Structure formats: C-alpha cells, structure tokens
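S.K.: Generate a structure from the sequence data that follows.
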Amino acid sequence: MEKWWLVLCLGLVLVLAACGGGQEDGTQDDTGSDEQTEEDAGSDSNGDASAAEAVYQANCTNCHGGNLEGGFGPSLTTIGSKYSADEIKEIILNGRGSMPQQDVSEEDADLVANWLSTMEE
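M.R.: Numbering: from 1, shown residues only. Purely as a prediction, here's the structure:
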C-alpha cells in the first residue's frame, strides 16, 4: 500500500513539474524598432504562427511533444477539429482534467489557441 502512495505522489509531482512550464525571458525584441513592425506587417499570419510556435515550444512541449504528437499529455495534431480557439484558450488559462492552468499571458494564450485551432484532420 505504501508503494502505491509513493508512486501516486511521484506521478503527481511529475505532472505538475512537467506541465507547469514558465516563460523564457528575452524571447521578444524589446528595441521598439518600427522597422521590424513594418517588415512583419505584410506577414501577420506567419509572424503570429512563429510567435505561437515559440510560446508552445517554451511551455507545452514537455507534455504535448515538440511536434504536437503527444506524450504525457494528449496529441494536439487535430485539436482544431475538436475545440474552437476560445475553448483552447480557456483550457490553457484554466486547465482541464489533469492539465494544470498555464502561467502564460492572455496574449500568448491567444496566439497559441488561434494557432492550435488551425490543427485539423
């Protein structure tokens, strides 16, 4: 019986540690340069996808894999066919089931949710 509790507690610690990822500092250009804004203006969807992928890589890959293939957490390769961007954002910010809420800004949650909502069969 004691071994069962030990395994359960260890599993819980792993879940909380792996899926609780934090943000990396210095991932954005803080120069305030208008030139970069003008360059990105023509490719907002590509820029948003790149930014979303960067947030995903920093916060989600421990559980959902580097290619959305799943691992400890479920695969996200077709998540857009199951949930809307708003529903995905809600899951990111508040958690669901065994997934804890994530410590990301609402802006980052929007980016990732919009990107993931395009993942369909």
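
S.K.: C-alpha from now on. contacts and neighbour counts both.
M.R.: Will do.

S.K.: Report the buried residues of stretch 92-106.
M.R.: 92-93, 99-104 (16 or more other Cα atoms under 10 Å).

S.K.: Quick check: pLDDT value at G47.
M.R.: Looking at G47, its pLDDT is 81.

S.K.: Can you say which helix or strand has it in it?
M.R.: G47 belongs to helix 44-59 when elements are defined using DSSP states H and E.

S.K.: Name the residues of that helix that come out as buried.
M.R.: 48-49, 51-59.

S.K.: tell me what that helix is packed against?
M.R.: Other helices and strands packing on helix 44-59, by 3 or more Cα pairs under 8 Å, 6 or more residues apart in numbering; DSSP states H and E, are helix 106-116.

S.K.: residues contacting G66?
M.R.: Q57 (Cα atoms under 8 Å, 6 or more residues apart in numbering).

S.K.: tell me which element N67 falls in.
M.R.: Using DSSP H and E, no helix or strand contains N67.

S.K.: Against L76, how distant is C63?
M.R.: Taking Cα to Cα, to the nearest Å as the measure, C63 falls 10 Å from L76.

S.K.: can you check H64 too?
M.R.: 7 Å.

S.K.: overlap in contacts of those two?
M.R.: G70.

S.K.: So for these two, which sits in the more crowded spot?
M.R.: H64 (21 against 18; other Cα atoms under 10 Å).

S.K.: my read: the more buried one touches T77, true?
M.R.: No - using Cα atoms under 8 Å, H64 is not in contact with T77, being 9.7 Å away.

S.K.: how about low-confidence regions in this structure?
M.R.: 1, 4-45 (pLDDT under 70).

S.K.: quick one, what contacts the residue nearest to T61 when sequence neighbours are not counted?
M.R.: Excluding the flanking residues, the one nearest T61 by Cα to Cα, 6 or more residues apart in numbering is L68, at 7.6 Å. Shown in contact with L68 (Cα under 8 Å, 6+ apart): 61, 75-77.

S.K.: Brilliant, that's me finished.
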